[in-house]
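1. Need a 3D model of the sequence below.
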Amino acid sequence: MIKRQHLLLPFLSLLVAGLISCSQSGYSSSASVIAQTTAQTTAQVTGTPSPTPVRITPSTPTSSDLTQMFSRIWRVTAPSGSAPNSLYIFLPNGTLLQTSCVETYAIFPWTIDKAAPKVLKVSENGRPAYTAEILELTDTTLRLKQKLIPSNETKEMTLTAVDSEFVCPDLPK
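-> Numbering: from 1, shown residues only. As a prediction, the model looks like this:
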């Protein structure tokens, strides 16, 4: 019975986290619910009193209008000069996963420019790499104006939400 109780808590925590992540609610409210539910489940399984729930907030200030950006995987559709099938995944904790079918993945930190809330600052190796001004953000489209810091080069890119199964095509040999 004790072994099952030890397995029950992680299982319930993962189940609750999965259900909450499927909802379209905001990040900080989801994190708060996860913390409260985990505390309640721990109390039920171990018989110890439930601690005061801790509110978990993202380390990067986010505005609610960026929620669409966090709930999608974005594929670069323009300009055509980008690596084929480049993907961007923005996480609300300030992490960007960038990859493509021909390049290895890269993970970068990002923040919001407090003076301009529609401008993301992306760093690479601890140094500013580029800024990305959000020109358009809908359920299906993310348009960015990227300004590379070292070269001062500017380019616009359009990303489209990935809405179905996708497998990278085989590369020519």
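
2. tell me, how many neighbours does Asp65 end up with?
-> 11 (other C-beta atoms under 10 Å). Placement of C-beta: from N, CA and C, glycine included.

3. I'd guessed Ala161 sits against Arg72; true?
-> Yes: checked against C-beta atoms under 8 Å, the pair Ala161 and Arg72 is within contact range at 4.3 Å.

4. shared neighbours of the two, which are they?
-> Residues touching both Ala161 and Arg72 (C-beta atoms under 8 Å, 6 or more residues apart in numbering): 139, 142.

5. higher neighbour count, the two?
-> Neighbours of Ala161 and Arg72, each counted by other C-beta under 10 Å, are more numerous for Arg72; the result is 21 against 16.

6. Just the pLDDT for the more buried one.
-> As predicted, Arg72 sits at a pLDDT of 94.

7. Would you agree it falls within a strand?
-> No: according to DSSP: H, G, I helix; E, B strand; the rest coil, Arg72 belongs to no strand; its state is coil.

8. mind listing the strands for the chain?
-> Across the chain, reading from the start of the chain, the strands by DSSP state E fall at 74-78, 87-91, 95-99, 106-113, 116-124, 127-137, 141-148, 154-161.

9. and this protein, what are its domains?
-> 2-46, 64-161 (automatic domain parsing).

10. Can you pull out the low-pLDDT segments for this structure?
-> 1-64, 80-81 (pLDDT under 70).
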